[in-house]
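Student: Below are the sequence and a predicted model; questions follow.
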Amino acid sequence: MTTAMEHPTRTPEQELAELQEAHGRALFGFLLGLTYGDRQRAEDLVQETLVRAWQHPEALRSDHDSMRPWLFTVGRRLAIDARRARKARPTEVGADSIELAPPVGVIGDGHEERSVTALDVREALTTLRREHRDVLVQLYYRGHSVTEAAQALGIPAGTVKSRSHYALRRLKTVLPGYGAGPLH
């Protein structure tokens, strides 16, 4: 590729057009792989990469043999930034998805609420000391009696009772709003 120094009458737009002509196809193929085959996203990234080249004319006027490594590096960084940005925000839902979703209250079996509660309890269990968590797992998840839990853990039954008492007390403070049920 010739540089602007060799052709001082070329405009930045002409340089950009030449850059796209020379490297656009390869850049698109590279970015298509990084976007897992999303053609629209890859095309957007190619355009953004070329805009960056236009914004940095010093890169175009460098004495490198090829601009391709610079373009691929910029494109890869833009793809990574775009992926991070998508992960940082919730998935967008189109109008057709909303129409296909069941109306609130139609399912009615309480499955969603139980799932949310289970997730909350699992998260809250991570705040407990291991010995307290182990006791609750034996009693509530495995359905063991105090005696069975004591045997499984190799501790006295009285220790199972006191650990479960303190563990449940701690969970009540970590899980406000869950006043009723097996944890109360």
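Tutor: Good, I have the coordinates. These figures come from a predicted structure and were not determined experimentally.

Student: H144 contacts A152, correct?
Tutor: Yes: the pair H144 and A152 passes the contact test of CB atoms under 8 Å, sitting 6.4 Å apart. (C-beta placed from N, C-alpha, C; glycine too.)

Student: any residues in contact with both of those two?
Tutor: Common neighbours of H144 and A152, using CB atoms under 8 Å, 6 or more residues apart in numbering, are Q138.

Student: Which one of those two is surrounded by more residues?
Tutor: The residue with more neighbours, out of H144 and A152, is H144; 18 against 15, by other CB atoms under 10 Å.

Student: Near the closest residue to that one other than its chain neighbours, how many other residues are there?
Tutor: Nearest residue to H144 in three dimensions, chain neighbours excluded: Q138, at 4.8 Å (CB to CB, 6 or more residues apart in numbering). Using other CB under 10 Å, Q138 is surrounded by 22 other residues.

Student: What score does Q138 have for pLDDT?
Tutor: Q138 carries a pLDDT value of 89.

Student: Pull the residues that contact the helix or strand harbouring Q151.
Tutor: Using DSSP states H and E, Q151 maps to helix 146-153. Here helix 146-153 makes contact (CB under 8 Å, 6+ apart) with D134, V135, Q138, L139, R142, H144, P156, A157, T159, V160, K161, S164.
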